[in-house]
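> Dropping the sequence and predicted coords here.
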Amino acid sequence: VAICENLFLNSDERSELWRRTSDAVDAYIEGVRDLPVSTSVEVESIRALLATFDFDEPMKPARALDLAVSGLTHFQIHAPHPGYFGLFVPAPATMSIAADALAAAFNPQLAAWGHSPFAVEAEAYLLRALGKRLGFAQNASGTFTSGGAEANLTALLCAIYSRYPEARESGVGAFGRLRIYAADGAHDSIIRAARICGLGDAAVRRIPTDPRLSMGVSALLDEIARDRQLGVTPVMIVASAGATASGVIDNLDAIADAASAESIWFHIDGAWGAAAAIVPEATGLFRGIERADSLTLDAHKWLATPLGAGMFFTRNHEALASAFHVNTPYMPSEAVKQAPEPYQNSLQWSRRFAGLRLLLCLAVAGWDGYANAIRRVLALGQYLCNGLLDAGWHVLNHTPLPLACFSDLPAAIPSDQSRLASIAASVQASGAGWLNVVQLSSGRWALRACISNMTTTEADVDRLIAALRRARHSHDAQHPRA
Ligand SMILES: *Cc1c(COP(=O)(O)O)cnc(C)c1O
């Protein structure tokens, strides 16, 4: 019997396991294009597969691995497939996959600088470099997060506690009613952040969008003025740089004007879209980013790392500590006084080395590699829009980012939602592509196709448009329009 009852395998077993693992990874990367992007699944089949894991009867490592590969192959929507036009889930870049394996094996603990100085310094180095490249700040600080939702919550905590340090002791209730402003199309993680902070969902004031689906700035100013009269204190404005449903970039510069005139924390949620600021000729789309107090960007969306790599940037170096600092005697004390302790500056305590994924990708591709890949996806977004227009669809959103919301009905009709959902479902069932249906902040329903995957090509876009045409025809044959 191996040491520790097979929890730690011997050298021969390990070699065999690594070989099988890398073979499985490579077979997936090579073969994913030939799988259907998604299939309909019965939960019973998944549970039957899981029931073969009998923990009273341990199995061989190879069999356990094969079962996991089988479950992942058969029972998921394949975001790494180039026909996935979905919710920003990328095909992970190769170096980021290797990085994730290294991080698992070396298991650096990022709570304390002294435990993993290389990993902690690497993440700070990345945040500074990226903050500068995006035009956000010459010397940004921040933290890696589990994703955009945690980064947005971090922004709210920074906004509150850097303004009201005493609230750490007394709680936020002592400071009257606080308000957060976000457009109708802003990500709902803002709502949850308000709830987690004990402010309640109603603390988020939804600002109506203008006809271009971006935050109405005069409506924003009106709401702020009304709140001041009511004695409600504005604490944060959230602008989207690439809203989730529509891909629209708010007017960051005008919102920055409002935030600075009113001394309100200005946060930009660029979880997906802000990555485009890496491309030099696209920086104009994000004018005003240099005036934000904080920024959310997910490496695990358009920077193509595996899930679990978000980033929060701020130019206010004390803000994170104002929200998170605690003195914990059992934690190793600050090894180097000029380096902040991560656990005192982030929501997470023990933390995985998510930054390694981005470090190795940037090391090998460089800024140019990322800029070229993103530029190609931006052009492909144009190609997608043009193809949809040629095929008789109306594109309902206005964004330079590669995300199209579209319908073939010139005006809203009540049955849009079910009709479009049925078209999306038959595209999905064809296995040729995956897209979904969204309701825009204008109230209209639309099919939504986003180029989430850097490996998607023009041929994949053509296939999607052909599948859409077939789906529309067969739907209309079955449900003739009145
Ligand atoms: C995806 C997304 C989020 C949430 O990020 P997670 O990484 O899923 O936690 C927040 N805001 C926007 C604009 C997003 O697109």
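Arrived safely, thanks for sending.

> residue contacts, the closest residue to the ligand within the stretch 301-450 of the chain?
The ligand sits closest to Gly310 of the stretch 301-450 of the chain, with a gap of 5.1 Å, by CB to the nearest ligand atom. For glycine as for every other residue, the C-beta is placed from the backbone atoms N, C-alpha and C. Neighbour list for Gly310: 144-151, 271, 296-300, 354 [criterion: CB atoms under 8 Å, 6 or more residues apart in numbering].

> of those, buried ones?
Among these, those buried by neighbour count (16 or more other CB atoms under 10 Å) are 144-151, 271, 296-300, 354.

> and Arg206, bridged to which residues?
Ala182 (DSSP bridges).

> Can you give me the neighbour number for it?
18 (other CB atoms under 10 Å).

> hang on, it packs against Asp184?
Yes: using CB atoms under 8 Å, Arg206 is in contact with Asp184, at 5.1 Å.

> Okay, and which of the buried ones among the contacts of Gly310 map to helices?
Gly148, Ala149, Glu150, Ala151 (DSSP state H).

> From the ligand, how far off is Leu9?
Counting by CB to the nearest ligand atom, to the nearest Å, the separation of Leu9 from the ligand is 34 Å.

> And Ile160, by the same measure?
From Ile160 to the ligand the distance is 19 Å (CB to the nearest ligand atom).

> roughly how far apart are Arg14 and Asn107?
16 Å (CB to CB, to the nearest Å).

> Equivalent analysis for Leu153, please.
Counting by CB to CB - Leu153 and Asn107 are separated by 26 Å.

> between these two, which one's more packed in?
Per other CB under 10 Å, whichever of Leu153 and Asn107 has more neighbours is Leu153, with 23 against 10.

> What is the burial count for Leu307?
17.

> ok, it - contacts?
So Leu307 contacts Val89, Gly147, His300 (CB under 8 Å, 6+ apart).

> Am I right that it falls within a helix?
No: counting by DSSP: H, G, I helix; E, B strand; the rest coil, Leu307 is located in no helix; its state is coil.

> phi, psi of Ser407?
Here is the backbone geometry of Ser407 (degrees, to the nearest 10): phi -150, psi 160.

> Which pLDDT value belongs to it?
Looking at Ser407, its pLDDT is 94.

> you'd agree Ser441 is up against Ser240?
No: the pair Ser441 / Ser240 is not scored as a contact, 10.4 Å apart, by CB under 8 Å.

> Mutual contacts of the two, please.
Going by CB under 8 Å, 6+ apart, residues that sit against Ser441 and also against Ser240 are Ala183, Gly185.

> and the ones in helices among the buried ones among the contacts of Gly310 as a markdown table, adding pLDDT and distance to Ala68?
Output for these, formatted as a markdown table (pLDDT from 0 to 100; distance: CB to CB, whole Å):
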| residue | pLDDT | distance to Ala68 |
| --- | --- | --- |
| Gly148 | 98 | 27 |
| Ala149 | 98 | 27 |
| Glu150 | 98 | 27 |
| Ala151 | 98 | 30 |
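
> So which of those reach the ligand?
Taking CB under 6 Å from any ligand atom as the test, the ligand is in contact with Gly148, Ala149 out of these.

> and the residue of the stretch 201-350 of the chain nearest the ligand?
For the stretch 201-350 of the chain, CB to the nearest ligand atom, closest residue to the ligand: Ala271, 3.5 Å.

> That residue and Leu359, how far apart?
Counting by CB to CB, the separation of Ala271 from Leu359 is 20 Å.

> show me where the stretch 51-200 of the chain has helices.
61-74, 94-106, 117-133, 148-163, 167-170, 189-196 (DSSP state H, counting those that start in this stretch).

> Return the longest strand along the chain as PDB; C-alpha atoms alone will do.
Using DSSP state E to assign secondary structure, the strand with the most residues in the chain is strand 233-240. Presented in PDB, the C-alpha positions along strand 233-240 are these (Å, rounded to 0.1, in the frame of the first residue of the first chain):
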ATOM      1  CA  THR A 233     -25.300  60.300   0.600                       C
ATOM      2  CA  PRO A 234     -23.900  59.200  -2.700                       C
ATOM      3  CA  VAL A 235     -20.900  56.800  -2.200                       C
ATOM      4  CA  MET A 236     -20.200  55.300  -5.600                       C
ATOM      5  CA  ILE A 237     -21.000  55.600  -9.300                       C
ATOM      6  CA  VAL A 238     -20.400  52.400 -11.300                       C
ATOM      7  CA  ALA A 239     -19.900  52.800 -15.100                       C
ATOM      8  CA  SER A 240     -19.700  49.800 -17.400                       C
END
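
> pLDDT on that strand, on average?
98.

> That strand pairs with which strands, and in what direction?
In the sheet, strand 233-240 lines up with strand 178-183 (parallel), strand 265-269 (parallel) (DSSP bridges).

> Any residues of the stretch 301-450 of the chain in contact with the ligand? List them.
So the stretch 301-450 of the chain meets the ligand at Gly310 (CB under 6 Å from any ligand atom).

> Tell me where the model's unsure across the stretch 301-450 of the chain.
333-338, 414-415 (pLDDT under 70).

> all strands of it, in order?
310-314, 394-395, 403-407, 436-439, 445-450 (DSSP state E, counting those that start in this stretch).

> need the contact list for the closest residue to Pro90 other than its chain neighbours.
Nearest residue to Pro90, sequence neighbours excluded (CB to CB, 6 or more residues apart in numbering): Ala304, at 4.2 Å. Shown in contact with Ala304 (CB under 8 Å, 6+ apart): Pro90, Ala91, Pro92, Ala93, Ser96, Cys361, Ala373, Met454.

> what's the neighbour count on Ser15?
11.

> I'd like the distance between the nearest residue to Val364 once chain neighbours are set aside and the ligand.
In this structure, Val364 finds its nearest non-sequential neighbour in Met95, 5.1 Å apart by CB to CB, 6+ apart. Distance from Met95 to the ligand, counting by CB to the nearest ligand atom: 20 Å.
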